[in-house]
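Chemist: Fold the following and give me the result.
(chains A and B)
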2 protein chains.
Amino acid sequence: MNEIKIFAPATVANVACGFDVLGFCLDSVGDVMVIRKTNQKGIKISRIEGFDLPYEAELNVAGVSALAMYKTVHVDYGFEIEIYKNIKPGSGIGSSAASAIGSVFGMNELLGRPFNKTELAQFAMKGEALASRCDHADNVAAAVFGGFTLVKSLSPLEILEIPSPDNLYVTIIHPQIEIKTSESRAMLPKEVKLQDAITQWANFGSLIHSLHTNNYELMKKSLHDVIIEPYRSKLIPHYNEVKKEALNAGALGSGISGSGPSVFSLCKGVETANKVRDAIIKTYSKTGIEFDIHVSRINTEGVKVLDHKLE
Amino acid sequence: MNEIKIFAPATVANVACGFDVLGFCLDSVGDVMVIRKTNQKGIKISRIEGFDLPYEAELNVAGVSALAMYKTVHVDYGFEIEIYKNIKPGSGIGSSAASAIGSVFGMNELLGRPFNKTELAQFAMKGEALASRCDHADNVAAAVFGGFTLVKSLSPLEILEIPSPDNLYVTIIHPQIEIKTSESRAMLPKEVKLQDAITQWANFGSLIHSLHTNNYELMKKSLHDVIIEPYRSKLIPHYNEVKKEALNAGALGSGISGSGPSVFSLCKGVETANKVRDAIIKTYSKTGIEFDIHVSRINTEGVKVLDHKLE
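Modeler: Residues are numbered from 1 along each chain as shown, chains lettered A, B, ... in the order given. Here you go, the predicted model:
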């Protein structure tokens, strides 16, 4: 095998009460990447479509993660990477994580799978760090493992796979506005009330329990973020209206995806997710702000091979 | 049936990262209570052995919870309560919760079980409030449901039953010192660092996951409290030594039981729990402070009937 085509999914991080630790994976939105062995050693980005991103491997998240892996293997060939980008950078649904995991997942396949999923996430974090200027693994964890993932710790990197009901869907709106990472980060409080922190971990523990027990009612009661949402939601125009409409239309819970501006709504069943989509479209169409909206099943597989060519 | 003898178990609240929300139930330590129908209406405490506690129903936690239930039922008889107290008040293993749940559990049996477990916990909280001067349900939840319980919310009271491995044991030391509730409460920080709160909910989510998946290794990695323990452990003499010895002897994790002074150590298997007990005895014997120490299986049944007499 000397060439592989892969699907690198979009992901949602900072899932409500699971801020900074819980993520999940989408399957209707993602990038396509082609990874190819080359006679020339090193990592080369040979093609980028969809968005304007740097071709220099050291400046490209897919390149940086690929280089991190490449340095640890001793092979007499190199890799070239084609990126067909569908996830808009800065949309808050793991655009950089998809690129970062895609290249190392594809290389790992071509190398005969020397690395496990956690190791792939570790390489991908190097790419993520280029994009976000800090270490976090919520998106890469969900992209590589699929389903819901809990990043228990970063050092050592420990990722837990949390089961979820088959019938869980998400509706996700991406308002076409830009939120500066610096601004979004500056909004975070340094300290929080103990009572709020207790509420948050009660909700988070309950959410994990609800995912284990397929308890949608409990999921609904647990999908609350009393710590971060009150701050960051201010950066997303009409956030409260979107959330209200989604809940009225039957969503289990809504929250900010990553650091925004995308907003996710988890739903029981695709019919409800479609209703939630329609309700959000109706209300957001009035705002004059352009937006994309997607309905997706929770993708339990994660990053995957679409096609490969034998030598 | 006009008389019932019941076992009201001791419990551990504030389980490490699950401060204020997670509790579990013991089965080798608990009170025995006898509840009897009487011709005279009302609630009467007729006998107390073991510790010196008030006989006036309005001033006794078992009496207060019993009165709370009695007011909601319309019967032409009353109840008298005998309390054979084994759990020392103020030991931090749910002494008041045992009394509070024991009376209402027994009455419910004699009444033909009109109330469910959550309703029993609600009555028992009235008794708890007399003892602790604040609403909390961690101990009564664990005492009535058994096993591990997560108090998701107080209003409305919502208690989740978290599964746990069969082979989970606890070693619990009770140093014979008094910690004033007011002092213990005054030590709690009003605000906590966001980063610490995130660590706490990552650990708590992981702990819930570990209990669902019988993952002892993960339990060990998750049983940490970075928020409360650094403050409250100062009130417990030789706390750090106890914890160190317990972990060295193989405990999965140790923490303050309730607001202390008891210290619990969760262990895989009774052999390890016994080793942990021996290691703690060895180190605590040198301190000159008197102590009790117990090894217990996790009691998955909770409060239970020991015996009853028919009319």
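Chemist: Now find how far off-centre stretch A:115-127 is within its chain.
Modeler: How far stretch A:115-127 lies from its chain's middle: 14 Å, per Cα atoms, centre = their mean, to the nearest Å.
Chemist: Is any residue of that stretch near chain B?
Modeler: No. Stretch A:115-127 stays clear of chain B (Cβ under 8 Å from any Cβ of the partner chain), getting no nearer than 13.9 Å. Yep, even glycine has a C-beta here, placed from its N, CA and C like the rest.
Chemist: For that stretch, buried residues please.
Modeler: A:115, A:117, A:119-127 (16 or more other Cβ atoms under 10 Å in any protein chain shown).
Chemist: For A:G260, give me its contacts.
Modeler: Residues near A:G260 by Cβ atoms under 8 Å, 6 or more residues apart in numbering or on different chains: A:92, A:179, A:184, A:232, A:235-236.
Chemist: pLDDT below threshold where in the stretch 101-250 of chain A?
Modeler: Applying pLDDT under 70 to the stretch 101-250 of chain A flags residues A:133.
Chemist: Count residues in the vicinity of A:N274, would you?
Modeler: Counted with other Cβ atoms under 10 Å in any protein chain shown, residues neighbouring A:N274 total 15.
Chemist: residues contacting it?
Modeler: Taking Cβ under 8 Å, 6+ apart as the test, what A:N274 contacts is A:171, A:295.
Chemist: Am I right that it sits in a helix?
Modeler: Yes. With DSSP: H, G, I helix; E, B strand; the rest coil as the criterion, A:N274 is part of a helix.
Chemist: For it, give me the pLDDT.
Modeler: Per-residue confidence (pLDDT) for A:N274: 98.
Chemist: Same check on A:K44?
Modeler: For A:K44, the predicted pLDDT is 97.
Chemist: The lengthiest helix in chain A to helix B:194-213, inter-axis angle?
Modeler: In chain A, with assignment by DSSP state H, the single longest helix is helix A:194-213. Counting by axes from the mean of the first three to the mean of the last three Cα atoms, to 10 degrees, helix A:194-213 lies at 30 degrees to helix B:194-213.
Chemist: and helix A:194-213 with chain B, contact?
Modeler: Yes. Helix A:194-213 is in contact with chain B by Cβ under 8 Å from any Cβ, via A:194, A:197-198, A:200-209, A:212.
Chemist: residues in the stretch 1-150 of chain A within reach of chain B, list them.
Modeler: A:17-22, A:150.
Chemist: of all those, which comes closest to B:V75?
Modeler: Closest approach between the residues of the stretch 1-150 of chain A next to chain B and B:V75, by Cβ to Cβ: A:C17, at 43.7 Å.
Chemist: Now do the closest one, the pLDDT please.
Modeler: 98.
Chemist: show me the contacts for it.
Modeler: A:200-201, A:203-204, A:207, A:222-226, B:201.
Chemist: at 6 Å instead, please
Modeler: Residues near A:C17 by Cβ atoms under 6 Å, 6 or more residues apart in numbering or on different chains: A:200, A:203-204, A:207, A:224-225.
Chemist: domain ranges for chain A?
Modeler: Following automatic domain parsing, one finds the domains of chain A at A:3-162+A:299-309, A:168-297.
Chemist: Strands of chain A, residue ranges please.
Modeler: Ranges of strands within chain A are A:3-15, A:18-38, A:42-49, A:78-84, A:148-154, A:157-162, A:168-175, A:191-193, A:253-256, A:263-268, A:291-297, A:304-309, based on DSSP state E.
Chemist: Include mean neighbour count when you put these into CSV, please.
Modeler: CSV is the format used below for those (neighbours: other Cβ atoms under 10 Å in any protein chain shown):
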stretch, mean neighbour count
strand A:3-15, 26
strand A:18-38, 24
strand A:42-49, 17
strand A:78-84, 21
strand A:148-154, 23
strand A:157-162, 20
strand A:168-175, 25
strand A:191-193, 17
strand A:253-256, 26
strand A:263-268, 27
strand A:291-297, 18
strand A:304-309, 13
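Chemist: among those strands, which is nearest A:F105?
Modeler: That would be strand A:3-15 among the strands of chain A, by Cβ to Cβ, at 6.0 Å.
Chemist: Just the CA atoms of the closest one, as CSV, please.
Modeler: Output of strand A:3-15 as CSV, limited to C-alpha atoms (Å, rounded to 0.1, in the frame of the first residue of the first chain):
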residue,chain,number,x,y,z
GLU,A,3,-1.5,5.7,-1.0
ILE,A,4,-4.5,6.1,1.2
LYS,A,5,-7.5,8.3,1.2
ILE,A,6,-9.0,9.1,4.6
PHE,A,7,-11.9,10.8,6.2
ALA,A,8,-11.0,13.1,9.1
PRO,A,9,-14.1,14.0,11.0
ALA,A,10,-15.2,17.3,12.6
THR,A,11,-15.6,17.1,16.4
VAL,A,12,-17.2,19.0,19.2
ALA,A,13,-15.1,19.8,22.3
ASN,A,14,-16.1,21.4,25.6
VAL,A,15,-19.4,19.5,25.8
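Chemist: List the contacts of the longest helix of chain A.
Modeler: A:17-18, A:162, A:164, A:218-219, A:222, A:224, A:226-227, B:20-21, B:150, B:152, B:160, B:189, B:192, B:197, B:200-201, B:204-205, B:208-209, B:212.
Chemist: mind listing what's buried in it?
Modeler: Neighbour-count burial for helix A:194-213 [16+ other Cβ under 10 Å]: A:194, A:197-213.
Chemist: Centre of the chain to that helix, how far?
Modeler: Counting by Cα atoms, centre = their mean, helix A:194-213 comes out at 21 Å from the chain centroid.
Chemist: picking up where we left off before, which of the contacts of A:C17 lies closest to chain B?
Modeler: A:F204 (4.6 Å; Cβ to the nearest Cβ).
Chemist: Next, find the distance separating the closest one from A:M219.
Modeler: Note on A:F204: its distance to A:M219, by Cβ to Cβ, to the nearest Å, is 12 Å.
Chemist: my guess is A:K37 contacts A:I4, does it?
Modeler: No. Using Cβ atoms under 6 Å, A:K37 is not in contact with A:I4, being 9.4 Å away.
Chemist: Overlap in contacts, these two.
Modeler: A:L110.
Chemist: list the contacts for A:I179?
Modeler: Contacts of A:I179 (Cβ under 6 Å, 6+ apart): A:235, A:260-261.
Chemist: Let's see that with 10 Å instead.
Modeler: A:I179 sits next to A:90-92, A:187, A:232, A:235-236, A:256, A:258-262 when contact means Cβ atoms under 10 Å, 6 or more residues apart in numbering or on different chains.
Chemist: I'd guessed A:N2 sits against A:G78; true?
Modeler: No. Judged on Cβ atoms under 10 Å, A:N2 makes no contact with A:G78 at a distance of 11.7 Å.
Chemist: what about the helices in the stretch 101-250 of chain A?
Modeler: Counting by DSSP state H, counting those that start in this stretch, the segments of the stretch 101-250 of chain A that form helices are A:117-132, A:138-145, A:181-186, A:194-213, A:216-222, A:229-232, A:239-248.
Chemist: mind putting these in a markdown table, distance to B:V104 included?
Modeler: Converted to a markdown table, the helices of the stretch 101-250 of chain A look like this (distance: least, Cβ to Cβ, whole Å):
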| stretch | distance to B:V104 |
| --- | --- |
| helix A:117-132 | 49 |
| helix A:138-145 | 44 |
| helix A:181-186 | 50 |
| helix A:194-213 | 24 |
| helix A:216-222 | 26 |
| helix A:229-232 | 39 |
| helix A:239-248 | 37 |
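Chemist: B:V144 is nearest to which of those?
Modeler: helix A:194-213 (18.2 Å).
Chemist: Need the overlap of contacts for A:N2 and A:G78.
Modeler: Jointly contacting A:N2 and A:G78 under the rule Cβ under 10 Å, 6+ apart are A:36-38.
Chemist: Distance to A:L59 added to those, as JSON lines?
Modeler: JSON lines is the format used below for the shared contacts of A:N2 and A:G78 (distance: Cβ to Cβ, whole Å):
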{"residue": "A:R36", "distance to A:L59": "21"}
{"residue": "A:K37", "distance to A:L59": "23"}
{"residue": "A:T38", "distance to A:L59": "20"}
